[in-house]
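> kindly generate the corresponding structure for this input.
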Amino acid sequence: MVRFFGKATGKVDDKGRLVFPAIFRDAMIRGCAEDMTLVVKKNVQQSCLDLFPYEEWVKRSDKVMEGRDPELNIEDAEFWTKYNDGVFPLVPDGKLGRLNIPSELLESAGITKEVVFGGVGYKLQIWDAETYKADLLSDEKFKETASRLSARK
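Down below sits the predicted model:
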């Protein structure tokens, strides 16, 4: 099982490619995902991209699909089509470990040049560096949220 922790920075080149940080390539190898197949998509909640190991993508998308029937229910069909819009498989190139992310995804997340890769356990998030700074919870809001979430248990 692959787990991503930590943060790394990078730059998008003129062809929309990013170098997949070594710290996260190593996590893929440790998690027995040596084939390096990834799935990238626009994050549903935030202005970033999500990067999943392939097996994790299958697991998560199956969970989202649970209880839905896009063959017989129009709302389920519309949701499932939108959910999968802009989902792309990726394999880092063998030479430099670059990821060729489709321009439509980069644009949808406002990514132009400087990026932040953030490990959030089961996936990576790829942020425009400025958006990452602006959207990250403040320490005070983080403490409030942690207190509220811990009270739910």
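
> quick one: the helices in the chain?
22-30, 54-65, 74-84, 103-108, 129-135, 139-151 (DSSP state H).

> any chance of the ones you listed in a markdown table, plus mean neighbour count and distance to Glu114?
Where C-beta positions appear, they are placed from N, C-alpha and C, glycine not excepted. Below are the helices of the chain laid out as a markdown table (neighbours: other Cβ atoms under 10 Å; distance: least, Cβ to Cβ, whole Å):
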| stretch | mean neighbour count | distance to Glu114 |
| --- | --- | --- |
| helix 22-30 | 15 | 17 |
| helix 54-65 | 15 | 26 |
| helix 74-84 | 13 | 29 |
| helix 103-108 | 15 | 12 |
| helix 129-135 | 14 | 4 |
| helix 139-151 | 10 | 23 |
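
> between these, which one is nearest to Gly119?
When the helices of the chain are compared by Cβ to Cβ, helix 22-30 sits nearest Gly119, at 6.8 Å.

> how about the closest one as CSV, C-alpha atoms only?
The C-alpha coordinates for helix 22-30 follow below in CSV (Å, rounded to 0.1, in the frame of the first residue of the first chain):
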residue,chain,number,x,y,z
ALA,A,22,12.1,11.3,-5.9
ILE,A,23,10.6,11.2,-2.4
PHE,A,24,7.3,10.2,-3.9
ARG,A,25,8.8,7.8,-6.5
ASP,A,26,10.5,6.0,-3.6
ALA,A,27,7.1,5.8,-1.8
MET,A,28,5.6,4.1,-4.8
ILE,A,29,8.4,1.5,-4.8
ARG,A,30,8.1,1.0,-1.0
